[in-house]
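1. Take this sequence and fold it.
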Amino acid sequence: VDWLEGKSRVEVEAEGIELSLSIEGRKFINSDGKTNMPSGEVFTSPVEDSLNGRIRFSYPSYQGGRVIDGIELTFRDGRVVEASAELGEEYLNNQLDIDEGARTIAEFAVGTNYAIDRVTGDTLFDEKVGGSMHLALGQGFPQAGGTNKSILHWDMVTDMRNDSRITVDGELLYENGKFVI
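-> The predicted model follows:
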């Protein structure tokens, strides 16, 4: 989190992922076991209108007692403009229309708990998988600078352990599921 302070632009590349977002003026938080268990993630609320690109989530998502799988999202100016899923697409789109803020980016995070090495079906564990990344839609984190309001906060997780890169202001931060700084 110290290295990320004062940085402004994040680029994420992997199979099925091409994203660009702003973290300018935002605070990254190290989930270190004091408020969320299990712990193990570094997260922020990106600038709400900054996320552009597309992502296909490799892990199923569990929301409202349902399994939604094969989720693909396209973002323009921080909002989901296209959403599909192989399983649960109707539910996905219903949730994204639940209120005005539900389609807006709320969180960008990297899972850092390498003791959790596989998806469990419990989002509190899955979002911490070492070598994963997740985005959330809906309610942002005021403590990180987030301003979006929604009754939704939906974390969606993807594997980043193969052929992936996260660069920040043009410098490589993360590659193939590991920090390189």
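2. going forward, measure contacts between C-alpha atoms and count neighbours the same way
-> Fine.
3. longest helix of this structure?
-> helix 89-96 (DSSP state H).
4. Flag every buried residue along that one.
-> 89, 91-92, 95-96 (16 or more other C-alpha atoms under 10 Å).
5. which secondary structure element contains the residue positioned nearest the centre of the chain?
-> For the chain, the residue lying nearest the average C-alpha position, counting by C-alpha atoms, centre = their mean, turns out to be Leu135 (1.5 Å). Secondary structure assigned from DSSP states H and E places Leu135 in strand 132-138.
6. Could you list the paired strands of that strand along with their orientation?
-> Strands adjacent to strand 132-138 in the sheet, as given by DSSP bridges, are strand 105-111 (antiparallel), strand 153-159 (antiparallel).
7. How about the secondary structure of Ser150?
-> Three-state call for Ser150 (DSSP: H, G, I helix; E, B strand; the rest coil): coil.
8. sorry, that was for Gly140
-> Applying three-state DSSP: Gly140 is coil.
9. ok, now which ones touch it?
-> 45, 105-107, 146-149, 153 (C-alpha atoms under 8 Å, 6 or more residues apart in numbering).
10. Using PDB, write out every CA atom in the strand holding Leu135.
-> Listed next in PDB are the C-alpha coordinates belonging to strand 132-138 (Å, rounded to 0.1, in the frame of the first residue of the first chain):
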ATOM      1  CA  SER A 132      -6.600 -13.600  -7.600                       C
ATOM      2  CA  MET A 133      -8.000 -10.200  -8.400                       C
ATOM      3  CA  HIS A 134     -11.500  -9.000  -7.800                       C
ATOM      4  CA  LEU A 135     -13.800  -6.100  -8.700                       C
ATOM      5  CA  ALA A 136     -16.900  -5.100  -6.900                       C
ATOM      6  CA  LEU A 137     -19.900  -3.200  -8.200                       C
ATOM      7  CA  GLY A 138     -22.100  -0.900  -6.100                       C
END
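11. Next, the angle helix 89-96 makes with it.
-> With axes from the mean of the first three to the mean of the last three C-alpha atoms, to 10 degrees as the basis, strand 132-138 and helix 89-96 are set at 60 degrees to each other.
12. Residues touching strand 132-138, excluding its own?
-> Here strand 132-138 has contacts from 101-112, 127, 148-161, 177, using C-alpha under 8 Å, 6+ apart.
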